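Asks: with the sequence up front, the predicted model follows.
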Amino acid sequence: MAAVDKPSRVLTSLRAAVEGLADSGALTPPELAKKIGIPRPSAYRLMGALVQDGLATQQPDGAVALSTKWLSFGDQALATATPWFHRDDLLRDLRDSTRLTVYLSIPRPQRTVCVRRLHGQGVQVLVLRPGGSLPLHVGGVGRVTLAFGPEDPEAYLAAHHPERFTPRSLETSNAILADVALTRERHYCVSDEDVTVGVGAVGAPVLTPSGEFLGALSVAGRRDDIVGHEAELAAHVLETAVEIGRTAQL
């Protein structure tokens, strides 16, 4: 048993070190040791191993930061999660035509997970990033996933207490179920400051021609760029979502 426990502790410490660096940016070994609660010698060893393997870089002041090598791991993980998707050109066209940030997300239990994000012009304080997730009662991609995805909305609400992100977040079961009905009726939803104050989005489902839900697509940006332009933006998002679903390689 001891032979199993030792590598487990090493992996636990290594994960904590990576997450600590990802959260705080560059740290010295003493700073990392304090942050994740390990002895200083252990922090020096972990950071040395990360630098030696190219997973981190050491700065002139001795601090260590994660390297860009992690980006390739993230890209591969996201590609594995969406083997059916090969149309980044459609996302680029949507971004260029709307000048807004484009999101593609896929369903996971009680969440929607971002697998693609293409930055548009303007606001750069959007909450969702590749690999990040949102609950299903907020945001363009979240609410679309609740309306069209595999999870039953009433079961979701029974198992999940809706978190309130802003004063505009949908919070009660009646409000959320009414939003599901409206989203299904018009085939898109409008997120109006329900995740981040000052930010809006328009989302639509990505469906196969047979109606299978693959994911959610949205454009997001400053509220002033969304509210008052919902119909026009919805047309762009729906057109792109239909084409992604039509060309999905299942």
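Replies: Yep, it's here. Just so we're clear, the structure is a prediction, and the values are computed from it rather than from any experiment.

Asks: distance between the longest helix that the chain contains and the chain's centre?
Replies: If you go by DSSP state H, the chain has its longest helix at helix 2-24. Its chain's average C-alpha position is 24 Å from that of helix 2-24, according to Cα atoms, centre = their mean, to the nearest Å.

Asks: stretch 161-175 too?
Replies: Between the mean C-alpha location of stretch 161-175 and the chain-wide mean there is a distance of 19 Å, by Cα atoms, centre = their mean.

Asks: hmm, who's touching that stretch?
Replies: 127, 135, 137-138, 143, 157, 176, 179, 192-197 (Cβ atoms under 8 Å, 6 or more residues apart in numbering). Every residue, glycine included, has its C-beta placed from N, CA and C.

Asks: got a quick PyMOL command for the buried subset of those?
Replies: Per 16 or more other Cβ atoms under 10 Å, the buried members of the contacts of stretch 161-175 correspond to this PyMOL selection:
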select buried, resi 135+137+138+143+157+176+179+192+193+194+195+196
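
Asks: now, which of the contacts of stretch 161-175 sits nearest residue 114?
Replies: Nearest to residue 114, judged by Cβ to Cβ, of those is residue 127 at 9.7 Å.

Asks: how is this structure partitioned into domains?
Replies: Using automatic domain parsing, the domain ranges for the chain come out as 2-67, 73-246.

Asks: let me know which of these is tucked in deepest.
Replies: Neighbour counts (mean count of other Cβ atoms under 10 Å) averaged over each of the domains of the chain peak at domain 73-246, with a mean of 19.

Asks: average pLDDT for that domain?
Replies: Mean pLDDT, domain 73-246: 91.

Asks: what does stretch 108-119 rub up against?
Replies: By Cβ under 8 Å, 6+ apart, the residues outside stretch 108-119 that reach it are 78, 81-82, 85, 88, 91-92, 95, 101-107, 128-136, 139, 141-142, 145, 149, 151, 156, 159-160, 215-216.

Asks: same question but for stretch 141-154, I mixed them up
Replies: Residues contacting stretch 141-154 (Cβ under 8 Å, 6+ apart): 103-105, 107, 109-112, 114, 128, 134-137, 156, 170, 176-177, 179-180, 183-184, 188-189, 191, 201, 203-205, 207, 213, 215-218.

Asks: just stretch 204-212 next, same as before
Replies: By Cβ under 8 Å, 6+ apart, stretch 204-212 touches 104, 144-145, 147-149, 187-189, 213-218, 234, 237-238, 241-242, 244-246, 248, 250.

Asks: mind redoing it with 6 Å?
Replies: 144, 148, 188, 213-217, 237-238, 241, 244-245, 248 (Cβ atoms under 6 Å, 6 or more residues apart in numbering).

Asks: all strands of the chain, in order?
Replies: 56-58, 64-66, 101-108, 111-118, 133-135, 189-192, 199-207, 213-222 (DSSP state E).

Asks: now stretch 52-68: average pLDDT?
Replies: The model assigns stretch 52-68 a mean pLDDT of 88.

Asks: what are the ranges of the helices in this protein?
Replies: Going by DSSP H, the chain shows helices at 2-24, 29-36, 40-52, 69-81, 88-98, 140-148, 153-159, 173-186, 223-226, 230-246.
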